[in-house]
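*Asks:* Dropping the sequence and predicted coords here.
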Number of protein chains: 2
Amino acid sequence: MDYDAHTFFLHLLTILVAARLFAELAVLVRVPAVIGELAAGVVIGPTLLGWIEPDRVIVMLSEIGIILLLFEVGLETDVRRLVRAGPKALLIAISGLLWPFVGGFWVSLEGFGRPVLESLFIGGALTATSIGITLRVLADLGHHHSHEAQLVLGAAVIDDVLGVVLLAVLDQFASGGNISPADAGRLLTFIVLFFVLAPIAANLISHIINRLDRISQAPGLLPTAVVSLVLFFAWLARQLGAPELLGGFAAGLALSRGFFLPFGLAVAIQPHFAERIDQQMRPIVYLFVPIFFVVVGLSLNFRTIDWRSPFIWEFSLALIAIAVVGKLVSALFIRESWSIRRAVGLAMLPRGEVGLIFAEAGRTARIFDDDVYATLVIVIAFTTVTGPLLLRLHYQGFRAKGRFRK
Amino acid sequence: MDYDAHTFFLHLLTILVAARLFAELAVLVRVPAVIGELAAGVVIGPTLLGWIEPDRVIVMLSEIGIILLLFEVGLETDVRRLVRAGPKALLIAISGLLWPFVGGFWVSLEGFGRPVLESLFIGGALTATSIGITLRVLADLGHHHSHEAQLVLGAAVIDDVLGVVLLAVLDQFASGGNISPADAGRLLTFIVLFFVLAPIAANLISHIINRLDRISQAPGLLPTAVVSLVLFFAWLARQLGAPELLGGFAAGLALSRGFFLPFGLAVAIQPHFAERIDQQMRPIVYLFVPIFFVVVGLSLNFRTIDWRSPFIWEFSLALIAIAVVGKLVSALFIRESWSIRRAVGLAMLPRGEVGLIFAEAGRTARIFDDDVYATLVIVIAFTTVTGPLLLRLHYQGFRAKGRFRK
């Protein structure tokens, strides 16, 4: 009831309407809807119209958006297929982290004469894969149940875990100067433990929710309880050092129809219950998810970039080459058809918000100057947009030749 | 992805779980669920455990909650019955505003020797009816479609409009010293105009949404579009000087199944569309609404009250008597059965968040000292809790005697 709410309503309204408008336009010109939502953020944000800045309240809503998106992805994941894709996904993730990191580091250090620490952070910013954008694109294109989607999902999840460990190690190096393999190993162990135990716990809790739902006298238990479950595991993930969105993913996995675990550790979700969760969570997910992508667009401020600087142009082009080639190459190491290798490589391209987090970490620690930060923003924006566009061309080509149909 | 989100997730989680827990407990002991949600706020807030303060992000979510609640109420309102109840509702609202205002003013001025301006604000704080709590209680008790609910709904809406005008007038008086009837009249005209035109506009927009929903290629248009519509009318209401929640109510009215207007100004909502709106908005409403009531509970900080002060005790008791009698008396002026008069009077008792807004306005303008503010908090808390409890007893009494059945 105060003036704050008045502005907030207008901002949220603008974000929701712009996201929808640009998403529909994107689909009209046969581009993934998520590109439209990112564009909406760029248009209404500081880059163009300057209507909306990423305010704290909006950013918090976008954080709910990304964990709910990962929850939805988890909900639709077939655990057996994901586990089967595991070894290949691990290979993709590790090589997809290694090449951009080493390449980015080397080019910065040797080619552009940047200091060691700065070169390490630049390499780090190139390693990330935006799990959110990647999975949204595959869903937008209708390929989120394909074999390559399983590989990409697994690789993106592992990528996110490794990225967090890498950031923690670099942060330690930046502040203390010493890299401790023991600390990194402990962090990795915590995250892996979380990832094994969280779905079991979430599965057990979901059965309690199902029982409570049947005896509850006050309406509306299901949406509140499921959102609480997702928030809890996101919080827990972070508490243990893992990315929050992995908590959302773990909760989604545990509530998916096909969830199973060895030794009967988990009880299958009843089809009726799964259907109700799906039906009631979908509107909430649809409401929050676009806010996340618009906020990513808002955070890409192109206005701060000095476009006449030759350094920014040259450095950007060099890093873009490494960022693209590094991910495409990483898919070559798996034994799959060329079309699947290409799809996986392209799907891993978008750096999105994860790249921005690295860039922000480097800027706030005063490791980058403004020019290097601007360079990274260009590289991140380029990969974020071209990945989905190329992926769409890839699938369209296959559809035209009649070799790929769902 | 920063620590802020980490704390925010934990707070939101705590609020959702506490609200659900206390609501279920309330229903178990046969008390309206909303009392449980208010109690949850008192328990986890500064009064008892001190886990959560009403932070800006949480308050913004609660503001969405209250406008969505009013949207839902509007959606379930039968416009014809509301219009038919209009004249009686107006009578209830005006006398329900007059008695507590005059009584509160007089007791403060004469009985307790408070200054004129302070006495005016104290009277103002007693006038409000918490439209949110009143309507939730009627829904919790299963009487939200009864005749008295129509009277109460109409009266509460008018009450809210008059309360805003009164607060504006008093604010002007407090700052400038001059009360301008022209300004008050203009504000009232704006609000009435909004209330006549907004449902027509919202109805037209909803037909556009229906058409877009059919041609949209990207999923999830409906929840985003309807929430945007509600946010827009809440914003517009505020822009014209009306309370935001009336915007939500107007949007809900326009989308209700039975919506009609003279001269064919509005087109009836198609049953299939109405059903889809209902189905998709319900989980979102259930998620946000409890946050509002918990935040009201959080805002009632009993710890700041000096319970040994005889002044606070005496003044509270005097004002409680006026607050209760004033509303009960206001229902006597309508020609209805005694049972309906009693139900209407009891339903109008809770002052809730609207009373707190008056009290806050008086405190921030330094019109009240801490003791008077504490007194008002006690009066507001008392009426907010006893209203629903007495209403429940009222209905139970009737049910036990078999005279009232739905």
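*Replies:* Good, I have the coordinates. Numbering: from 1, shown residues only, chains lettered A, B, ... in the order given.

*Asks:* Hmm, A:Ile52 is touching A:Ala40, no?
*Replies:* No: contact between A:Ile52 and A:Ala40 fails when scored by CB atoms under 8 Å: they sit 10.1 Å apart. (Glycine included, C-beta is placed from N, CA and C.)

*Asks:* So for the two, which sits in the more crowded spot?
*Replies:* Remark: of A:Ile52 and A:Ala40, A:Ala40 carries more neighbours, 27 against 21, as counted by other CB atoms under 10 Å in any protein chain shown.

*Asks:* The more buried one contacts A:Gly297, correct?
*Replies:* Yes: taking contacts as CB under 8 Å, A:Ala40 lies within contact range of A:Gly297: 6.1 Å.

*Asks:* what sits against A:Glu53?
*Replies:* A:Gly45, A:Pro46, A:Leu298 (CB atoms under 8 Å, 6 or more residues apart in numbering or on different chains).

*Asks:* how about the second one, secondary structure?
*Replies:* With DSSP: H, G, I helix; E, B strand; the rest coil as the basis, A:Pro46 sits in coil.

*Asks:* Spatially, what comes nearest to it if we skip its sequence neighbours?
*Replies:* A:Asn301 (4.6 Å; CB to CB, 6 or more residues apart in numbering or on different chains).

*Asks:* neighbours around that neighbour, how many?
*Replies:* 16.

*Asks:* same deal with the one 10 residues further on?
*Replies:* Look at A:Phe311: counted by other CB under 10 Å, it has 13 neighbours.

*Asks:* How about exporting the helix or strand containing it as CSV, limited to the C-alpha atoms?
*Replies:* Element membership of A:Phe311 [criterion: DSSP states H and E] is helix A:310-330. C-alpha atoms of helix A:310-330 as CSV (Å, rounded to 0.1, in the frame of the first residue of the first chain):
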residue,chain,number,x,y,z
PRO,A,310,40.0,-1.7,-31.6
PHE,A,311,41.1,-3.6,-28.5
ILE,A,312,37.5,-4.6,-27.6
TRP,A,313,36.8,-5.7,-31.2
GLU,A,314,40.0,-7.8,-31.6
PHE,A,315,39.8,-9.3,-28.1
SER,A,316,36.0,-10.1,-28.6
LEU,A,317,36.6,-11.8,-31.9
ALA,A,318,39.4,-13.9,-30.6
LEU,A,319,37.4,-15.0,-27.5
ILE,A,320,34.3,-15.6,-29.5
ALA,A,321,36.3,-18.0,-31.8
ILE,A,322,37.6,-19.9,-28.7
ALA,A,323,34.2,-19.9,-27.0
VAL,A,324,32.5,-21.4,-30.1
VAL,A,325,35.2,-23.8,-31.2
GLY,A,326,35.9,-24.9,-27.7
LYS,A,327,32.3,-26.1,-27.2
LEU,A,328,31.9,-27.6,-30.7
VAL,A,329,35.1,-29.5,-30.3
SER,A,330,34.0,-30.9,-26.9
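
*Asks:* which secondary structure elements does the helix or strand that that helix is followed by contact?
*Replies:* Next in sequence after helix A:310-330, counting helices and strands by DSSP H and E, comes helix A:338-347. Packed against helix A:338-347 by the contact rule (3 or more CB pairs under 8 Å, 6 or more residues apart in numbering or on different chains; DSSP states H and E) you find helix A:131-140, helix A:147-175, helix A:310-330, helix A:370-401.

*Asks:* and of the ones you listed, who's closest to B:Gly65?
*Replies:* Across those, B:Gly65 has its closest neighbour in helix A:131-140 (26.6 Å, CB to CB).

*Asks:* Enumerate the residues of the stretch 151-300 of chain A near chain B.
*Replies:* Neighbours of chain B within the stretch 151-300 of chain A, by CB under 8 Å from any CB of the partner chain: A:212, A:216-225, A:227-228, A:231-232, A:234-235, A:238-239, A:243-244, A:279-287, A:289-290.

*Asks:* which among these end up buried?
*Replies:* With burial judged by 16 or more other CB atoms under 10 Å in any protein chain shown, the buried subset of those is A:216, A:218, A:220-225, A:227-228, A:231-232, A:234-235, A:238, A:243-244, A:280-287, A:289-290.

*Asks:* Which ones among those map onto strands?
*Replies:* Among those, no member falls in strands (DSSP state E).

*Asks:* Just the buried positions in the worst-scoring helix or strand of chain A on mean pLDDT, please.
*Replies:* Within chain A, confidence by mean pLDDT, DSSP states H and E is lowest for helix A:352-364 among all helices and strands, at a mean of 76. Neighbour counts over helix A:352-364 (16+ other CB under 10 Å) mark A:Gly352, A:Glu353, A:Val354, A:Gly355, A:Leu356, A:Ile357, A:Phe358, A:Ala359, A:Glu360, A:Ala361, A:Gly362, A:Arg363 as buried.

*Asks:* same thing with stretch A:378-394?
*Replies:* A:378-388, A:390-392, A:394.

*Asks:* hang on, the earlier thing: packing partners of the least confident helix or strand of chain A?
*Replies:* So helix A:352-364, by 3+ CB pairs under 8 Å, 6+ apart, packs with helix A:116-127, helix A:131-140, helix A:147-175, helix A:271-299, helix A:370-401.

*Asks:* Can you name the residues that contact the residue in the stretch 101-250 of chain A positioned nearest to chain B?
*Replies:* Going by CB to the nearest CB, chain B is nearest to A:Gly220 of the stretch 101-250 of chain A, at 2.9 Å. Shown in contact with A:Gly220 (CB under 8 Å, 6+ apart): B:Arg282, B:Pro283, B:Val285, B:Tyr286, B:Leu287, B:Val289, B:Pro290.

*Asks:* ok, now how distant is A:Val43 from chain B?
*Replies:* 17 Å (CB to the nearest CB, to the nearest Å).
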